[in-house]
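Peer 1: Here's a sequence, model it:
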Amino acid sequence: MCIRDSHSVSAVAEALRASPVYVDPAAAGQLSPADANALREQIRTADKPLFIAVLPAGYPTGNLFADLRTATGVTGLYAIRLGDRFDARADASVLSRTAVRNLVTSVQGESDTKTQLSDFTDRALTRMGGSAPSSWGSSGGAGGVATAALITAGVVVVAGGAAAFGLARRNRRRREAERRAALDRLRVVVDEDITAFGEELDRLDFHPAEAGADNAMRADYERALDAYDQAKTLMAQAVGPEDVRAVTQAVEDGRFSLAQLAARRAGGELPERRPPCFFDPRHGPSVADAAWTPVGGTPREVPVCAADRTRLADGRDPVIRQVDTEYGRRPYWDAGPAYGPWAGGYFGGGILPGLLLGTALGGVMASPSYASDYGTGYGDFGAGGYQGGDVSGADFDPGDFGGGFGDGGG
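Peer 2: Residues are numbered from 1 along each chain as shown. Sure thing, here's the model as predicted:
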């Protein structure tokens, strides 16, 4: 009888549905109960769908990840220490294939099981998306615990379930507190944007009844006023960082209406719809794309206003939007993930990832955890599908769990 027959994938999956860490009895010497419990507690506290299995060296590896993912039926990141080998796979909604491969590579040289799994867990929890499966809160069991022991220790299971429920509730409260704090930071920046747009309207020397005004001009003017009112209303109703995208999109729509009005009044051609100036959307619609390289980043083309285009051409620095952070004033693209939806409202349509390539915000927005905590931010990123920890059964992309064991998902 082979090892998999004795300790089947179904048995491993059943244990992982109850607890994030499973240690096969035949591999008990690889990870002590105390170290396994420490990993369980770390994963539970982080509230992320990370599943870890420690299996004996002779365990068959053919289709192991796909079979385990099918048997477990829960979207997540699956890591397996098999003898002295290590590998991992994940649903794309939880962690990208490239991220999984990089994480696995980063710990491949560590021969000690405890060190390898601890390092992998530390790094993975900060990058993956989704939440822990609800089954972890309803079961106090851990991998390899006998059914008879669970029955005789029923009161312990109930206490453990209550503790897990309390932990999950604390994690939800923590996430909500973080979201509220992020929204509070954004309010300052968005209020500055709305105020600046309102001042543009106040400076506008246009009246719908003035000589030469036509219906098209009046329509532009009305759209700008409506956008201003809409932005204020949406910001007042915002309950999370993701709601800010609609606010900045309304401001940008209003500014474009003003640009159209100005062109009609001057008798010129109507402007092309372009994104705002990348360095500060308050500069208004961009007039061209210009080459720019962020500090420590790679060159890219960004939309710029006329003034910043001149500055760049003269070898000077552009006027960059700075926001408050715990480290002082920083460019908005280095100020944290909450600014993703703010930027997404200005730079929608799928162009934002390229603009932010190599910046701190760009790196954060490329991870599923960004979508689960701060909304989609731009384009269709993170829309639909499972976010991790949800029960999807066998409905998953087998390509995410394919490949040979030890190739890091490559």
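
Peer 1: Next, count neighbours for residue 119.
Peer 2: 15 (other C-beta atoms under 10 Å). Heads up, the C-betas are built off the backbone N, CA and C, glycines and all.

Peer 1: my guess is it meets residue 107, correct?
Peer 2: Yes - with contact defined as C-beta atoms under 8 Å, residue 119 counts as touching residue 107 (5.0 Å).

Peer 1: And the next helix or strand past the one helix or strand residue 194 maps to?
Peer 2: In this structure, residue 194 sits in helix 154-203 according to DSSP states H and E. Downstream of helix 154-203, the next assigned helix or strand under DSSP H and E is helix 215-237.

Peer 1: After that next one, which helix or strand is next?
Peer 2: Toward the C-terminus from helix 215-237 - assigned by DSSP H and E - lies helix 244-266.

Peer 1: Convert the C-alpha atoms of that following helix to CSV, please.
Peer 2: The C-alpha coordinates for helix 244-266 follow below in CSV (Å, rounded to 0.1, in the frame of the first residue of the first chain):
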residue,chain,number,x,y,z
VAL,A,244,-13.6,57.5,-3.8
ARG,A,245,-13.0,56.4,-7.4
ALA,A,246,-16.5,57.6,-8.4
VAL,A,247,-15.7,61.0,-6.7
THR,A,248,-12.5,61.7,-8.6
GLN,A,249,-14.1,60.4,-11.8
ALA,A,250,-16.9,63.0,-11.4
VAL,A,251,-14.3,65.7,-10.9
GLU,A,252,-12.4,64.7,-14.0
ASP,A,253,-15.6,64.6,-16.0
GLY,A,254,-16.4,68.1,-14.8
ARG,A,255,-12.9,69.4,-15.8
PHE,A,256,-13.3,68.0,-19.3
SER,A,257,-16.6,69.8,-19.7
LEU,A,258,-14.9,73.0,-18.7
ALA,A,259,-12.2,72.3,-21.3
GLN,A,260,-14.9,71.8,-24.0
LEU,A,261,-16.6,75.0,-22.9
ALA,A,262,-13.4,77.0,-23.2
ALA,A,263,-12.7,75.6,-26.7
ARG,A,264,-16.3,76.5,-27.9
ARG,A,265,-16.0,80.0,-26.6
ALA,A,266,-12.6,80.5,-28.3
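
Peer 1: Paired strands for the helix or strand that it is followed by, with orientation please.
Peer 2: Next along the chain after helix 244-266, taking DSSP H and E as the criterion, comes strand 288-292. The pairing partners recorded for strand 288-292 under DSSP bridges are strand 300-304 (antiparallel).

Peer 1: Flag the helix or strand of the chain with the lowest per-element mean pLDDT.
Peer 2: The helix or strand of the chain with the poorest confidence is helix 147-152; it has a mean of 40 (mean pLDDT, DSSP states H and E).

Peer 1: Could you check how many residues crowd around residue 316?
Peer 2: Residues near residue 316, counting by other C-beta under 10 Å, number 10.

Peer 1: pretty sure it belongs to a helix, no?
Peer 2: No - checked against DSSP: H, G, I helix; E, B strand; the rest coil, residue 316 lies outside a helix; its state is coil.

Peer 1: Poorly predicted segments of the stretch 251-400 of the chain, please.
Peer 2: Across the stretch 251-400 of the chain, residues meeting the criterion (pLDDT under 70) sit at 349-354, 357-388.

Peer 1: if we go to 80?
Peer 2: Within the stretch 251-400 of the chain, the set of residues satisfying pLDDT under 80 comprises 295-298, 326-327, 336-338, 348-390, 392-395, 397.

Peer 1: any idea how far residue 175 lies from residue 338?
Peer 2: Distance of residue 175 to residue 338, computed by C-beta to C-beta, to the nearest Å: 13 Å.

Peer 1: and these two? which has more neighbours close in?
Peer 2: A direct count of neighbours by other C-beta under 10 Å for residue 175 and residue 338 places residue 338 higher, at 27 against 14.

Peer 1: Nearest spatial neighbour of the more buried one, chain-adjacent residues omitted?
Peer 2: Once flanking residues are discounted, residue 338 sits nearest to residue 182: 3.5 Å by C-beta to C-beta, 6 or more residues apart in numbering.

Peer 1: which ones are touching the one you found?
Peer 2: Counting by C-beta atoms under 8 Å, 6 or more residues apart in numbering, residue 182 touches 240-241, 336-338, 374.

Peer 1: from these, which is closest to residue 11?
Peer 2: Set against residue 11, the nearest of the contacts of residue 182 by C-beta to C-beta is residue 374 (38.1 Å).

Peer 1: circling back: could you work out the most separated pair of the contacts of residue 182?
Peer 2: 240 and 336 (14.7 Å).

Peer 1: quick one: which of those two has more around it?
Peer 2: Comparing residue 240 with residue 336 by other C-beta under 10 Å, the one with more neighbours is residue 336, at 20 against 17.

Peer 1: roughly how far apart are the nearest residue to that one once chain neighbours are set aside and residue 94?
Peer 2: With sequence-adjacent residues excluded and distances taken as C-beta to C-beta, 6+ apart, residue 336 is closest to residue 325, at 6.6 Å. Distance of residue 325 to residue 94, computed by C-beta to C-beta: 28 Å.

Peer 1: cool, and residue 317?
Peer 2: 39 Å.

Peer 1: give me phi/psi at residue 22?
Peer 2: When read as degrees, to the nearest 10, the backbone of residue 22 gives phi -120, psi 130.

Peer 1: Please verify my assumption that it contacts residue 39.
Peer 2: No - taking contacts as C-beta under 8 Å, residue 22 lies outside contact range of residue 39: 10.6 Å.

Peer 1: Same drill for these two, tell me which one is more crowded.
Peer 2: residue 22 (26 against 21).

Peer 1: still on that earlier bit, am I right that the residue nearest to residue 336 is in contact with residue 337?
Peer 2: No - contact criterion C-beta under 8 Å: residue 325 and residue 337 do not qualify, at 11.9 Å.
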